[in-house]
Each structure stands twice: as C-alpha cells, then as structure tokens.
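# any chance you can model this:
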Amino acid sequence: MRKGEAGSRRPLGAGDYKTLVLAALGGALEFYDFIVFVFFANVLGGLFFPAEMPDALRQFQTFGIFAAGYLVRPLGGIVMAHFGDLFGRKRMFTFSIILMAASTLGMGLLPTYAQISIWSPVCLLLLRIVQGAAIGGEVPGAWVFVSEHLPPNRVGYACGTLTAGLTTGILLGSLVATGVNHVYTPAEIANWAWRLPFLLGGALGMLSVYLRLLLSETPIFLELQERKALVTELPLKAVIRDHRSAVIVSMLLTWMLSGIIVLVVLMTPALLQHQGLPAEAVLRANSVATFFLLIGCIVGGLVIDRIGPGRFFAFGCPLLAISASVFYANAVTDPPLLLPLYAITGFLVGIVSGVPVVMVRAFPAAVRFSGVSFSYNLAYAISGGLTPVIVPPLMQFHPMAHLYYVLLLCLLGFGVGVWLLNARLVRNSS
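Residues are numbered from 1 along each chain as shown. Modelled structure (predicted):
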C-alpha cells in the first residue's frame with residue numbers, strides 16, 4: 001500500500017482544518033479581486049469608453065474586457081500547472097496571488113477615458129489579462145492542493161469547502177458593491193468611489209500572500225518527489241495523450257460550472273438593472289444568493305462524498321433548472337419575490353462544487369495539476385469568455401434568453417451525471 005493510500009479513511013485532524021481554512025480564505029481574497037470588476041461594469045463602461053458611444057455597444061465592450069480575463073486563463077493555467085507538477089503546488093499557488101494583487105491595485109489607479117483617451121480601455125484590458133493569467137493557476141491549483149491534503153473519502157468536502165471560499169470572494173465583492181452604492185451617490189461613484197473596491201482588492205491580495213506562506217506542500221507531491229515518480233516529460237503532453245476521456249468530461253462539467261456562475265451569480269445583477277430593477281435592491285439580493293451559494297457548496301461537497309458524482313449531478317441539475325425557471329420568470333414582474341427566489345437558486349447553484357471532485361479524481365497525481373488546469377481553464381475560457389458577450393445580444397431577440405442558456409447547462413450536467421453512473425472514469429485521488 002502506498003503512503004498516499006495508508007490513511008485514506010482517517011478522520012480529519014487539526015492540520016486538515018487549518019489547511020482548508022487558510023486555502024479557502026486565501027482563495028476568497030483572490031477571487032474577490034478577479035470578479036469585483038463585474039459589479040461595477042455599468043460604471044466602468046461610462047468611465048472607460050466615449051460618452052457618445054451607444055449604451056448597448058458600451059455594455060458589449062465592457063463585458064468584452066471582463067471576458068478577456070477568462071480567455072487568457074488557459075495560458076496562465078498551463079504555465080503554472082506545468083511548474084506545479086514539476087516543482088510543487090505551493091509555489092505556484094502563491095505566485096498567482098502576487099500577480100492578482102498587483103493587477104487589481106493597478107485597476108484602482110487607472111486614469112479614465114476623459115484623462116488619457118483610448119489608452120484608458122487599453123490599459124484596463126491589459127490588467128484584466130494579467131488577472132486572467134493569475135486566476136488560471138489559482139483555482140485548479142487550489143482544488144488540487146486541498147484534495148491532496150485530505151483523505152480520498154473526503155475530497156468532496158475538501159473541494160466543496162474550497163469552492164465555498166471562492167464563493168466568499170464573490171460574496172465579498174457583492175457586499176462591497178452594495179456598500180459603495182449605499183454610502184455614495186451615483187455621481188460620487190462615477191467621480192472617484194469606484195476606485196475603492198479595487199484598491200481594497202490590492203490590499204487583500206497582499207494578505208493572501210501571507211496566508212499562503214503558512215501552508216505546507218501537499219503530502220502526495222512530496223511522496224512523488226521522494227519516490228522520484230514525478231513526470232519526466234511535458235505534463236500536458238501526457239495529459240492529452242493518455243487521459244482524453246478525463247479531459248472531455250472535465251471540460252463539459254466546466255462548461256456547466258462556468259456558464260452558471262458567470263450568468264446566475266455575476267451577470268444577473270447587471271441584467272436585472274437593465275430590466276428596470278434598482279441597483280441597491282438587486283445587489284442586496286445578489287449578496288444573499290451568494291451567501292446561500294456558499295452554504296450550497298459545502299452541503300454539495302458533503303453529499304457527493306456519500307452518493308457519488310453521478311447521482312449528485314443527475315438529481316441536482318433538474319432541481320436547479322426548476323428553481324432558475326421560477327426565479328427569472330418572477331424576479332422582474334414581482335419584486336418582493338426577488339430575494340427569496342434568488343436565495344434558493346443560489347443555494348442550488350452549489351451543485352458546481354461537484355465539478356472539481358470529478359476532475360481531481362480523474363487524473364493521476366503526477367499530472368493532476370496540469371490535467372485539471374488544462375481542462376478547466378480551456379473550457380472556462382470558451383464558456384466564461386463567451387457567456388457575457390453573447391447573452392446580452394441574445395436578450396435583444398428574446399427577454400428570457402439567459403434562462404434558456406441556464407436550462408441548457410442544467411441538461412448538460414444531467415447528461416454527464418447519468419454517464420458517470422455507468423463509467424469508471426473517477427479514480428482514487430491519491
């Protein structure tokens with residue numbers, strides 16, 4: 001029996017909980033930096049593009065810059081995962097935060113279009129690209145890191161807790177946006193207060209660097225190092241050659257994850273504001289929904305450890321489809337229902353916590369970081385990058401186009417869940 005398998009069913013100890021808390025908190029602070037942009041998309045559109053530009057075009061270009069962060073993720077993820085499989089998870093885990101903190105701070109200091117003209121959106125785009133490269137290494141690295149610290153029968157709980165940490169970053173962004181909109185007038189926000197969330201993000205990023213220094217390298221990587229079992233060729237080459245089924249399933253599930261998170265959690269506040277709901281009410285409801293998503297991720301992780309990924313997605317995706325249908329059908333026409341329906345939908349979005357469980361179990365340890373990072377980031381770049389660009393134009397043709405897209409993603413997750421019930425793709429995580 002290998003060392004990595006010896007304690008496969010041991011109870012969680014103080015060290016395990018310390019690793020989970022520090023990794024989740026660091027991930028929360030970094031993810032806040034990455035997503036805070038979207039909560040101020042309408043304000044940034046007015047500041048970084050010409051005033052005479054049509055509103056629809058301005059919204060399209062602003063979300064396009066937001067999407068650029070997703071499009072560059074594969075490159076950053078592949079590079080960081082390559083070195084993570086060769087030299088250790090922790091080093092790349094920490095480096096990604098440094099990149100994120102610096103680029104977020106830079107956004108908070110940028111001159112607007114009125115000050116430097118076209119160079120303003122160009123600089124914003126470049127900083128967003130750096131953010132995308134950083135998050136490309138952060139998220140897969142975090143899942144691999146926590147899953148290799150905990151016993152295999154608790155991988156669901158590990159990934160669910162880490163995903164809840166990332167969700168906490170979204171919640172923090174929503175709360176900060178709500179607070180800024182409550183404290184400052186629209187004129188003050190447009191004048192200078194929009195910078196505060198980005199400056200705060202840069203400071204939180206430095207705190208994340210410190211938290212990562214308190215973590216230790218994963219036992220599984222140290223075992224591979226000791227046995228000289230690290231991959232001797234390019235890790236990505238081995239992934240593409242030997243683990244194609246794992247790559248395909250991981251990409252399909254990531255399409256579901258990214259589309260649902262980007263649309264339901266990140267884009268919905270802006271979309272509902274454009275449909276006439278007040279910004280403060282929408283952002284408050286989004287904060288509540290994101291809090292319930294945090295709970296849903298942890299609950300989802302506990303459930304998937306008990307019933308397995310196949311049943312988890314086969315039952316969870318239809319529930320989310322029903323909840324999303326009720327939410328989007330009534331949020332605008334019946335405002336009192338906005339908050340409770342958004343909260344229920346947010347909780348059920350927690351099914352996305354099952355995605356990393358499948359991915360980290362699908363690849364062997366020697367190429368796990370590269371396999372998860374390549375599959376996740378490539379699919380996220382396509383889906384996460386295209387979703388904020390294609391949904392607003394589609395809504396010009398049909399006001400419920402965003403709901404139909406969510407239903408398509410739920411159908412995809414259901415199909416993969418049924419397939420996993422009869423597949424032997426998911427391996428032991430050690």
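
# break down the stretch 101-250 of the chain into its helices, ranges please.
Taking DSSP state H, counting those that start in this stretch, the helices of the stretch 101-250 of the chain run over residues 113-116, 119-149, 155-183, 186-188, 195-213, 219-226, 235-242, 244-260.

# what mean pLDDT does the last one have?
What it means is helix 244-260. Helix 244-260 carries an average pLDDT of 91.

# the first one now?
For helix 113-116, the per-residue pLDDT values average out at 84.

# so what touches that helix?
Helix 113-116 is contacted from outside by L47, F48, F49, P50, S120, P121, C123, using CB atoms under 8 Å, 6 or more residues apart in numbering. Any C-beta I mention is one placed from the backbone N, CA and C, and that applies to glycine too.

# what of stretch 285-296?
Residues from elsewhere that reach stretch 285-296 (CB under 8 Å, 6+ apart): 164, 167-168, 170-171, 174-175, 178, 265, 268-269, 338-339, 342-351, 353.

# select only the buried ones of those in ChimeraX?
The ChimeraX selection below is limited to those of the contacts of stretch 285-296 classed as buried (16 or more other CB atoms under 10 Å):
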select :164,167,168,170,171,174,175,178,265,268,269,338,339,342,343,344,345,346,347,348,349,350,351,353
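
# now distance to G417 too, for the contacts of helix 113-116, in JSON lines please.
Below are these laid out as JSON lines (distance: CB to CB, whole Å):
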{"residue": "L47", "distance to G417": "43"}
{"residue": "F48", "distance to G417": "41"}
{"residue": "F49", "distance to G417": "42"}
{"residue": "P50", "distance to G417": "47"}
{"residue": "S120", "distance to G417": "45"}
{"residue": "P121", "distance to G417": "41"}
{"residue": "C123", "distance to G417": "43"}
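
# circling back to that earlier point, mind checking which of the helices of the stretch 101-250 of the chain is nearest I97?
Shortest distance between I97 and those, using CB to CB, is found for helix 195-213: 4.5 Å.

# and that closest one with helix 119-149, angle?
Angle of helix 195-213 versus helix 119-149, following axes from the mean of the first three to the mean of the last three CA atoms, to 10 degrees, is 30 degrees.

# buried ones in helix 195-213?
L196, P197, F198, L200, G201, G202, L204, G205, S208, V209, L211, R212.

# could I get those residues as JSON lines with pLDDT?
Formatted as JSON lines, the buried residues of helix 195-213 follow (pLDDT from 0 to 100):
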{"residue": "L196", "pLDDT": "90"}
{"residue": "P197", "pLDDT": "90"}
{"residue": "F198", "pLDDT": "89"}
{"residue": "L200", "pLDDT": "88"}
{"residue": "G201", "pLDDT": "85"}
{"residue": "G202", "pLDDT": "85"}
{"residue": "L204", "pLDDT": "80"}
{"residue": "G205", "pLDDT": "78"}
{"residue": "S208", "pLDDT": "75"}
{"residue": "V209", "pLDDT": "77"}
{"residue": "L211", "pLDDT": "73"}
{"residue": "R212", "pLDDT": "70"}
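
# JSON lines for those residues, including distance to R244?
Converted to JSON lines, the buried residues of helix 195-213 look like this (distance: CB to CB, whole Å):
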{"residue": "L196", "distance to R244": "47"}
{"residue": "P197", "distance to R244": "41"}
{"residue": "F198", "distance to R244": "40"}
{"residue": "L200", "distance to R244": "43"}
{"residue": "G201", "distance to R244": "38"}
{"residue": "G202", "distance to R244": "40"}
{"residue": "L204", "distance to R244": "39"}
{"residue": "G205", "distance to R244": "36"}
{"residue": "S208", "distance to R244": "35"}
{"residue": "V209", "distance to R244": "36"}
{"residue": "L211", "distance to R244": "36"}
{"residue": "R212", "distance to R244": "33"}
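
# could I get stretch 380-388 in PDB with only the CA atoms?
Output of stretch 380-388 as PDB, limited to C-alpha atoms (Å, rounded to 0.1, in the frame of the first residue of the first chain):
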ATOM      1  CA  TYR A 380     -13.800  28.200 -18.800                       C
ATOM      2  CA  ALA A 381     -12.100  30.400 -21.400                       C
ATOM      3  CA  ILE A 382     -14.600  29.400 -24.000                       C
ATOM      4  CA  SER A 383     -17.700  29.300 -21.900                       C
ATOM      5  CA  GLY A 384     -16.800  32.000 -19.400                       C
ATOM      6  CA  GLY A 385     -15.500  34.300 -22.100                       C
ATOM      7  CA  LEU A 386     -18.400  33.900 -24.500                       C
ATOM      8  CA  THR A 387     -21.300  33.900 -22.000                       C
ATOM      9  CA  PRO A 388     -21.000  37.600 -21.000                       C
END
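
# what's in contact with it?
38, 63-64, 66-68, 70-74, 254-255, 257-259, 261-263, 266-267, 405.

# repeat that with 7 Å
Here stretch 380-388 makes contact (CB atoms under 7 Å, 6 or more residues apart in numbering) with 63, 66-67, 70-71, 73-74, 254-255, 258-259, 262-263, 267.

# including distance to A379, secondary structure and neighbour count, could the residues you listed go into CSV?
Below are those laid out as CSV (distance: CB to CB, whole Å; DSSP: H, G, I helix; E, B strand; the rest coil; neighbours: other CB atoms under 10 Å):
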residue, distance to A379, secondary structure, neighbour count
F63, 19, helix, 23
F66, 18, helix, 27
A67, 14, helix, 21
Y70, 10, helix, 27
L71, 12, helix, 19
R73, 10, helix, 32
P74, 9, helix, 22
T254, 4, helix, 27
W255, 5, helix, 22
S258, 7, helix, 26
G259, 10, helix, 25
V262, 12, helix, 25
L263, 15, helix, 23
M267, 18, helix, 20
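
# by mean pLDDT, which helix or strand of this structure comes out lowest?
Lowest by mean pLDDT, DSSP states H and E among the helices and strands of the chain is helix 3-6, with a mean of 40.

# residue ranges with poor pLDDT in the stretch 51-200 of the chain?
For the stretch 51-200 of the chain, residues meeting the criterion pLDDT under 70 lie at 81-91, 93.

# and the gap between V355 and D55?
35 Å (CB to CB, to the nearest Å).

# which of the contacts of stretch 380-388 lies closest to P309?
T254 (13.8 Å).
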